[in-house]
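**Student:** I'd like to go over a predicted model; first the sequence, then the structure.
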Amino acid sequence: MSQSDETATEVDRETTDTSDRSTVGQSILEVDAIDAYYGESHILRDLSLHVEEGEICALLGRNGAGKTTTLRSIASTAEPEVRAGQIRFYGHEITHMATEDVAVRGISLVPEERRIFPDLTVEENIHVAEVVRNRSNVLGRNISFDREQMPDEDLYEVFPRLEERLSQKGGTLSGGEQQMLAIARALKQNPDLLMLDEPYEGLAPQIIQSVEAAIERIREDGTTVLLVEQNAVAAMNVADRCYVVDQGSVVFEGTAEELRNDEETRQRYLGV
Ligand SMILES: Nc1ncnc2c1ncn2[C@@H]1O[C@H](COP(=O)(O)OP(=O)(O)OP(=O)(O)O)[C@@H](O)[C@H]1O
């Protein structure tokens with residue numbers, strides 16, 4: 001067995017071990033006092049949060065507060081660098097793990113810029129991870145995507161609009177449809193935790209409502225959601241719990257109801 005096979009097997013064993021996933025409401029993600037940097041710029045300072053199984057958790061805050069940096073730290077993207085603290089998923093430390101290993105463990109990130117492939121069809125965009133895997137394996141880089149993929153039928157039940165447009169090029173979709181496609185592509189990996197970075201950005205109010213409905217449906221189907229939004233009012237509509245971040249630290253933690261009733265926090269940190 002090669003080194004990479006051994007690593008893949010280790011990941012599989014831990015990923016398929018469901019013994020510690022039984023209690024609804026248990027924390028599945030714990031971000032414990034992290035400090036994160038871009039080069040020498042110190043962005044996140046002693047930031048802690050947790051996400052409970054089955055909830056929609058929202059991370060709110062002004063422009064530049066550190067919300068995207070938090071999601072990127074969890075997904076272990078190339079930047080930022082987490083220099084202190086720990087991130088645990090189902091009790092296993094994932095800080096500094098390779099991005100694809102974090103994905104294999106069940107965390108999917110839909111980035112703010114959506115990254116739709118404009119020249120691929122809707123169907124090809126949804127299945128792009130399989131294309132990447134096949135190509136990487138041909139090139140000799142053995143990427144393991146051992147998570148069971150979500151069946152297309154289940155995906156199209158959440159996003160019927162996409163099923164009507166399977167052969168349409170990604171670049172010709174409306175903004176709302178592109179957002180749905182980006183979410184559908186992440187959901188195809190059957191994540192336990194779906195992280196959405198500003199899913200409502202640039203969308204008209206009625207389109208926001210259909211994305212909201214999709215997010216609620218995704219949670220009903222059993223996927224936990226961590227949502228970053230500048231549109232605090234829309235986020236509070238769907239979220240069970242909220243964190244407010246300011247200058248790289250958490251300044252509020254509570255239910256959406258508590259945040260709605262906390263005028264001082266809303267006005268001071270969210271401007272609403
Ligand atoms: N690649 C980078 N290199 C250096 N600094 C960065 C980089 N990306 C973000 N920053 C800085 O980190 C801080 C936090 O940015 P972040 O994107 O996390 O904020 P945010 O809360 O998501 O807000 P926004 O809605 O504007 O994205 C900002 O001051 C930003 O300028």
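**Tutor:** Cool, got the structure. Residues are numbered from 1 along each chain as shown.
**Student:** what does stretch 25-34 rub up against?
**Tutor:** 21, 44, 46-55, 70, 73-74, 82, 84-90, 95, 107, 192-193, 224, 226 (C-beta atoms under 8 Å, 6 or more residues apart in numbering). For every residue, glycine as well, the C-beta is placed using N, CA and C.
**Student:** can you mark which positions in that stretch are buried?
**Tutor:** Buried positions in stretch 25-34, judged by neighbour count with 16 or more other C-beta atoms under 10 Å: 27-32, 34.
**Student:** that one near the ligand anywhere?
**Tutor:** No. Stretch 25-34 does not reach the ligand (C-beta under 6 Å from any ligand atom); its nearest approach is 12.7 Å.
**Student:** rounded mean pLDDT for that stretch, please.
**Tutor:** Mean pLDDT, stretch 25-34: 94.
**Student:** circling back: what is the nearest of the buried residues of stretch 25-34 to the ligand?
**Tutor:** Ile34 (12.7 Å; C-beta to the nearest ligand atom).
**Student:** pretty sure that closest one belongs to a strand, no?
**Tutor:** Yes. Ile34: assigned to a strand according to DSSP: H, G, I helix; E, B strand; the rest coil.
**Student:** now the residue in the stretch 101-250 of the chain that the ligand sits nearest to, nearest residue through space, not along the chain?
**Tutor:** Closest approach between the stretch 101-250 of the chain and the ligand, counting by C-beta to the nearest ligand atom: Gln230, at 5.3 Å. Using C-beta to C-beta, 6 or more residues apart in numbering and skipping the chain neighbours, the partner closest in space to Gln230 is Glu198 (6.3 Å).
**Student:** what's near enough to touch the one you found?
**Tutor:** Applying C-beta under 8 Å, 6+ apart to Glu198 gives the contacts 112, 228-231.
**Student:** likewise for Thr172?
**Tutor:** Pro118.
**Student:** quick one: the helices in the stretch 101-250 of the chain, in order.
**Tutor:** If DSSP state H, counting those that start in this stretch is used as the criterion, the helices of the stretch 101-250 of the chain fall at 122-126, 128-138, 152-158, 160-163, 175-187, 205-220, 232-238.
**Student:** just the pLDDT at Thr99, thanks.
**Tutor:** Thr99 is assigned a pLDDT of 93 by the prediction.
**Student:** just to revisit the earlier point, just the contacts of Glu198: which are in strands?
**Tutor:** Within those, residues falling in strands by DSSP state E are 228-229.
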